[in-house]
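Asks: Model the structure of this input:
(2 chains)
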Amino acid sequence: KQEVTQIPAALSVPEGENLVLNCSFTDSAIYNLQWFRQDPGKGLTSLLLIQSSQREQTSGRLNASLDKSSGRSTLYIAASQPGDSATYLCAVVLGNTGKLIFGQGTTLQVKP
Amino acid sequence: EPEVTQTPSHQVTQMGQEVILRCVPISNHLYFYWYRQILGQKVEFLVSFYNNEISEKSEIFDDQFSVERPDGSNFTLKIRSTKLEDSAMYFCASSAGRSVGPQHFGDGTRLSIL
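Replies: Below you'll find the model as predicted:
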């Protein structure tokens, strides 16, 4: 059974720091991995999608990497800002029905 | 930018009542999903839907749940006889591709069962 784990559960950093969020999964036979942002009481905003054949994806200050063989992904946030404060979720697609399996998230607080 | 819309944003229902949650996926998307998130827990998959059929459903999606695409734009989740443990945030998502494209989520419906 696929398990997705995110470390740390919570993170508090001062503004301007570069930071790394970690995601691990137990079954490496994934189709893709997606990173989301969730603001309190809101839906999930898709940040980055990495296909199983890719190693990384970049969008602005965000960079996500994928190492399928070791079952790991990282989300790198450069020059963090208070507006980056949110919960970040990673999720993997295991089968061909598109079913996403989520981690429990990392709650990030960036202090001004 | 196109988005997934869900109504209502909050639904309060008595236990045992039927509830229908509504979603309008992104217009050119073909794959549709429902997920739920119980307060403080992980987002959980409920069901995937394509070509007017269920592609996959989880153990949570028992006989009390059903999905329907009644017209070309709406996608609904029905819970026939609600239980206290159905209280959760329900998210609808859609994607253009099945396992290759990103899934786009709505803002969710908060369902509270009394």
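
Asks: what's near enough to touch residue 67?
Replies: You didn't pick a chain, so chain A it is. If a contact means CB atoms under 8 Å, 6 or more residues apart in numbering or on different chains, then residue A:67 has A:55, A:73 as its contacts. (Each C-beta comes from the backbone N, C-alpha and C, glycine too.)

Asks: look at chain B instead
Replies: Going by CB under 8 Å, 6+ apart, residue B:67 touches B:32, B:34, B:47, B:49, B:54, B:75, B:76, B:77, B:78.

Asks: That one and chain A, how far apart?
Replies: Here residue B:67 is placed at a distance of 14 Å from chain A (CB to the nearest CB, to the nearest Å).

Asks: Run through the residues of chain B sitting next to chain A.
Replies: B:4, B:6, B:31, B:33, B:35, B:41-45, B:48, B:55-56, B:58, B:91, B:93, B:95, B:98-108, B:110 (CB under 8 Å from any CB of the partner chain).

Asks: Now which of those would you call buried?
Replies: Neighbour-count burial (16 or more other CB atoms under 10 Å in any protein chain shown) is assigned, among the residues of chain B next to chain A, to B:4, B:6, B:31, B:33, B:35, B:42-45, B:48, B:55-56, B:58, B:91, B:93, B:95, B:98-99, B:101-108, B:110.

Asks: Can you name the residues bridging to residue B:113?
Replies: Going by DSSP bridges, residue B:113 is paired in beta bridges with residue B:13.

Asks: returning to what we had before: which ones among the contacts of residue B:67 are found in strands?
Replies: Under the assignment DSSP state E, these contribute B:32, B:34, B:47, B:49, B:54, B:75, B:76, B:77, B:78 to strands.

Asks: what about the residue nearest to the third one when sequence neighbours are not counted, neighbour count?
Replies: Among residues not flanking residue B:47 along the chain, residue B:57 sits closest, at 4.6 Å (CB to CB, 6 or more residues apart in numbering or on different chains). Using other CB atoms under 10 Å in any protein chain shown, residue B:57 has 18 neighbouring residues.
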